[in-house]
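**Q** model the following, please.
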Amino acid sequence: MFFMPVADSLKAQGAQFTHDTVAYANRLRGGEAIANDSIWDTPSDEWDTLLYTKRLNFPFYAMGYNLDTFLLEDGYISSTDGNFSVGNFSDLVDKGLGGRGGAKSPISLHRFGSAPNRIVMLQWANHGFYGDFDLRGQCSDSGNMQMWIYETGGKIELRFGKNYIRDFASSMADYTFIGYSVIDGATYSGMVLEGNPNRPSTRTTDLDQSAGLMAYPPQSKRYTWTFDASSGVKKTEKQSGLKVWYSQGLIYMKGNETGTYELYDGAGKCVEKGIAQNRASVGQTVKPGLYLLRVNTADGSADVRISVLH
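**A** All right, here's what the predicted structure looks like:
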């Protein structure tokens, strides 16, 4: 893909990125509570809370992919097959993780308007970051974020509220990964924002570990992607019985499947391989960054785009 900068707008084949500021308003009432009475992002309930599927009340197509699957932990939405994803990949967690007092980071879904101008908004309130928890054993840092998805116009927005991050380099492993990715075989392309979050530049191919924002987006910052519904190469979505998820250095597999895994960098090079089974350790030998995790079992294969943090 080739992107041409135009003021605060970047346009690619099938996608345009803009950034500006907008007042951030917490909406804690009137929505559908997804996670507000239990700590989310814990291995014991990985499958119950992290994969929140098919909650849009209208179809949304981006570059030929139907985006219908919210993944709470990383703050993004993806296609059913996981080959197209857009959002914030910073490994979000409930701020109550590792502490006392229970859940502290409610997630809620809000719907506005009527066809053909419906809007769905997902809100992460007072969320923590896994990097902070991994470093300190509890979550001291926090942020607020909303994802707005528009039925008409192909727009997805990330809006950021107040955050408190005392040690960005440690909590975020030096970078915050925000953007979109398209998996094509063992490689992926797309856009990741980098540099100053107030005026981000972009990396558009080979989304390697050096890319990312050097600080977390400040309060009232808004990032907007406007997607062409049909442009881009659309791979046939292959369905299998294999369900795979990655979190905090571990593979989670639905059921008792075992097999093998391969980890690919942005250039399509296999940088790690091993035995795949539920709660198997992955990514310990590579640098922090974005990778493609491919798992193969007798039930089929699955590709998952992951963000490795140490």
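**Q** could I get the full set of helices for the stretch 1-150 of the chain?
**A** For the stretch 1-150 of the chain, the helices defined by DSSP state H, counting those that start in this stretch occupy 46-49, 130-136.
**Q** go through those helices and find the least confident stretch.
**A** Set side by side, the helices of the stretch 1-150 of the chain give their lowest mean pLDDT on helix 46-49, at a mean of 42.
**Q** beta partners for Leu109?
**A** With DSSP bridges as the criterion, Leu109 is bridged to Glu32, Leu122.
**Q** please verify my assumption that it contacts Met121.
**A** Yes: contact criterion C-beta atoms under 8 Å: Leu109 and Met121 qualify, at 7.4 Å. Any C-beta I mention is one placed from the backbone N, CA and C, and that applies to glycine too.
**Q** now do the shared contacts for the two.
**A** Residues touching both Leu109 and Met121 (C-beta atoms under 8 Å, 6 or more residues apart in numbering) are Gly31.
**Q** the residue nearest to Ser38 when sequence neighbours are not counted: what's it in contact with?
**A** Leaving aside its chain neighbours, Ser38 sits nearest to Ala103 (5.5 Å; criterion: C-beta to C-beta, 6 or more residues apart in numbering). Taking C-beta under 8 Å, 6+ apart, we find Ala103 in contact with 35-40, 94, 96.
**Q** what's the answer for Arg305, then?
**A** 82, 85, 181, 183, 188, 290-293.
**Q** need the nearest residue in space to it, chain neighbours excluded.
**A** Ser181 (5.4 Å).
**Q** any idea how far Ile77 is from the one you found?
**A** Distance, Ser181 to Ile77, using C-beta to C-beta, to the nearest Å: 12 Å.
**Q** now the common contact residues for the two.
**A** Joint contacts of Ser181 and Ile77 (C-beta under 8 Å, 6+ apart) are 85-86.
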